[in-house]
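Novice: based on what follows, work out the 3D shape:
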Amino acid sequence: MTKRLDLPPRPRILVVALRRLGDVLLTTPLTRSLRRAFPDARIEMLVFSDTAAILDGNPDIDAVISSPPRPSAAESVALARQLFRHYDLSITTQAGDRPSFFAIVAGKTRVGVTEGRAIGRIKGMFLHRRMPMREDLHRVAETLELAKLIGIDPVAEVVAPRAERVAAAPDGPYAILHAAPFFRYKQWHAAGWRAAAQHLCARGLTLVATGGPSAAEKAYLDTIWDAIDIRRLDGALSWPELATLIAGAEVFLGPDTSVTHLAAAAGCPTVALFGPTDPRRWAPWPAGGLIAEPFEERGSVQRRGNVIVVQNPLPGMPCGLEGCLRNVQSHSLCLDQMSAETVISALDMALSTGAPAGDRGGAAPQTPLFSP
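Specialist: Here you go, the predicted structure:
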């Protein structure tokens with residue numbers, strides 16, 4: 001491991017993660033590592049305003065600074081002035097121009113990720129410690145390479161929002177179905193969702209549907225759940241409430257989206273439906289960490305800890321593309337042809353074994369990181 005950075009007592013630390021919801025959640029192992037290494041530090045995160053809620057109640061973070069997803073030039077200048085040399089250490093978890101710029105502006109000491117192109121080498125000149133992008137690693141493992149670069153022990157725990165009581169939670173055992181991903185090309189077919197719901201209902205579980213508040217998503221879920229006996233909580237819960245609800249479920253079924261990552265972090269037995277996306281890089285991180293065996297590139301059903309990844313391993317999959325038509329509103333043949341029987345088998349596996357001992361409700365402290 002690299003020599004530990006020499007920071008002043010009670011340092012101010014900024015972590016920059018200008019990405020989508022799931023990506024921000026997968027950055028929380030770094031803030032946990034920082035909190036363990038610098039317990040008296042003030043740790044803040046810079047994120048997009050529409051992702052800040054995924055950090056609500058995170059005990060490792062003292063403050064969240066938000067930026068519009070598409071800031072004007074004036075807003076960017078104002079944020080840069082606010083951040084300028086305000087931190088003893090700034091860390092960019094991305095190689096992009098905007099996160100690198102804010103990290104360079106903010107920190108007296110600066111650490112980050114750089115790309116291999118000429119522009120990456122230029123940005124690297126302004127960082128005190130840098131590392132190349134590691135797309136051969138799971139996103140959590142890549143982010144924790146930054147902890148090693150700082151010279152601190154990596155703690156491989158994804159931290160869910162702080163638990164809150166959920167008045168709408170069913171009294172008996174229940175299953176959560178989250179049918180709507182952020183992008184169309186990650187959708188599973190309606191017939192599969194309905195077959196899975198009917199199977200879980202036959203097993204004596206109350207069904208709960210979660211989802212976002214948008215009118216388009218609600219209309220999509222209206223179609224999926226028409227005539228299905230399911231409690232609709234889509235758009236009704238905060239992120240901490242959602243984390244609490246999921247943590248108490250017998251099983252969670254969802255596509256490749258942020259809520260599925262949240263379910264894994266909450267310790268719930270999680271069945272994740274993957275299409276074009278490579279699980280080696282983006283599978284939900286199990287509550288106990290990927291201690292020994294990372295996910296493989298393809299396999300019909302793969303289990304690691306409390307997470308089961310289901311794929312339709314057609315030739316050339318996972319392709320890593322945005323659906324068959326190469327855009328986020330495309331269909332994906334691998335998901336269109338994923339059988340309900342395979343998914344139901346994975347649900348039965350999750351229900352028969354539950355979460356591994358010690359995993360339900362969060363990861364054990366100081367979970368070791370796997371060695372790729």
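Novice: pull out the buried residues from stretch 163-177.
Specialist: Using 16 or more other C-beta atoms under 10 Å as the test for burial, stretch 163-177 gives 163-164, 166, 169-170, 174-177. Using the backbone N, CA and C atoms, a C-beta is placed for each residue, glycine as well.
Novice: mind putting those into a markdown table with pLDDT, secondary structure and distance to Leu46?
Specialist: Below are the buried residues of stretch 163-177 laid out as a markdown table (pLDDT from 0 to 100; DSSP: H, G, I helix; E, B strand; the rest coil; distance: C-beta to C-beta, whole Å):
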| residue | pLDDT | secondary structure | distance to Leu46 |
| --- | --- | --- | --- |
| Ala163 | 76 | coil | 25 |
| Glu164 | 78 | coil | 25 |
| Val166 | 84 | coil | 30 |
| Ala169 | 89 | coil | 33 |
| Pro170 | 94 | coil | 38 |
| Tyr174 | 98 | strand | 37 |
| Ala175 | 98 | strand | 36 |
| Ile176 | 98 | strand | 31 |
| Leu177 | 98 | strand | 34 |
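Novice: which one of those is nearest to Ile224?
Specialist: Leu177 (8.7 Å; C-beta to C-beta).
Novice: tell me the secondary structure for the closest residue to the closest one other than its chain neighbours?
Specialist: Nearest non-adjacent residue to Leu177, counting by C-beta to C-beta, 6 or more residues apart in numbering: Leu253, 5.1 Å away. Assigned state for Leu253: strand (three-state reduction, DSSP: H, G, I helix; E, B strand; the rest coil).
Novice: tell me the mean pLDDT over stretch 293-311?
Specialist: Averaged over stretch 293-311, pLDDT sits at 94.
Novice: and if you look at stretch 274-284?
Specialist: The pLDDT scores in stretch 274-284 average 96.
Novice: show residues contacting it.
Specialist: 135, 137-139, 185-186, 255-256, 260-261, 263-265, 270, 272, 294-297, 302, 304, 307, 309-312, 317-323, 332, 334-335, 338 (C-beta atoms under 8 Å, 6 or more residues apart in numbering).
Novice: if we can go back for a sec, the residue nearest to Leu177: how many residues sit nearby?
Specialist: When neighbours are defined as other C-beta atoms under 10 Å, Leu253 has 30 of them.
Novice: so what's it up against?
Specialist: Residues near Leu253 by C-beta under 8 Å, 6+ apart: 175-178, 196, 271, 273, 343, 347.
Novice: now Ala37: closest residue in space that isn't a chain neighbour?
Specialist: Once flanking residues are discounted, Ala37 sits nearest to Ile152: 3.7 Å by C-beta to C-beta, 6+ apart.
Novice: tell me the phi and psi of that neighbour?
Specialist: Reported as degrees, to the nearest 10, the phi and psi values for Ile152 are phi -120, psi 160.
Novice: quick check: it touching Leu7?
Specialist: No. With contact defined as C-beta atoms under 8 Å, Ile152 does not reach Leu7; the gap is 10.4 Å.
Novice: please enumerate the helices of the stretch 151-300 of the chain.
Specialist: Secondary structure of the stretch 151-300 of the chain by DSSP state H, counting those that start in this stretch: the helices cover 190-202, 215-224, 239-247, 258-265, 279-282.
Novice: which of these is buried the deepest?
Specialist: Among those, helix 258-265 has the highest mean neighbour count (mean count of other C-beta atoms under 10 Å), at a mean of 28.
Novice: now do the strands in the stretch 51-200 of the chain.
Specialist: 63-67, 87-92, 107-114, 129-132, 174-177 (DSSP state E, counting those that start in this stretch).
Novice: which of those sits closest to Leu18?
Specialist: The closest of the strands of the stretch 51-200 of the chain to Leu18 is strand 63-67. By C-beta to C-beta, the value is 6.7 Å.
Novice: Leu245 touches Ala167, doesn't it?
Specialist: No. With contact defined as C-beta under 8 Å, Leu245 does not count as touching Ala167 (10.3 Å).
Novice: out of the buried residues of stretch 163-177, which comes closest to Ile228?
Specialist: Nearest to Ile228 among those: Leu177, at 9.2 Å, using C-beta to C-beta.
Novice: that closest one contacts Gly211, doesn't it?
Specialist: No. Using C-beta under 8 Å, Leu177 is not in contact with Gly211, being 9.4 Å away.
Novice: least confident secondary structure element in this structure?
Specialist: helix 118-124 (a mean of 90; mean pLDDT, DSSP states H and E).
Novice: quick check, pLDDT for the residue nearest to Ala37.
Specialist: We note a pLDDT of 98 for Ile152 in this prediction.
Novice: got the contact list for it?
Specialist: Counting by C-beta under 8 Å, 6+ apart, Ile152 touches 4, 33-34, 36-38.
Novice: of those, buried ones?
Specialist: Those of the contacts of Ile152 that meet the buried threshold are 33-34, 36-38, by 16+ other C-beta under 10 Å.
Novice: so what sits against both of Ile152 and Leu7?
Specialist: Common contacts of Ile152 and Leu7 (C-beta under 8 Å, 6+ apart): Phe38.
Novice: hang on, the earlier thing: got the buried residues for the least confident helix or strand of the chain?
Specialist: Residues of helix 118-124 classed as buried by neighbour count (16+ other C-beta under 10 Å): 120, 123-124.
Novice: same question for stretch 7-20.
Specialist: Burial within stretch 7-20, assessed by neighbour count using 16+ other C-beta under 10 Å, is assigned to 7, 11-20.
Novice: redo those as a markdown table? Include secondary structure.
Specialist: Converted to a markdown table, those look like this (three-state DSSP):
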| residue | secondary structure |
| --- | --- |
| Leu7 | coil |
| Pro11 | coil |
| Arg12 | strand |
| Ile13 | strand |
| Leu14 | strand |
| Val15 | strand |
| Val16 | strand |
| Ala17 | coil |
| Leu18 | coil |
| Arg19 | coil |
| Arg20 | coil |
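Novice: many thanks, I have nothing further to ask.
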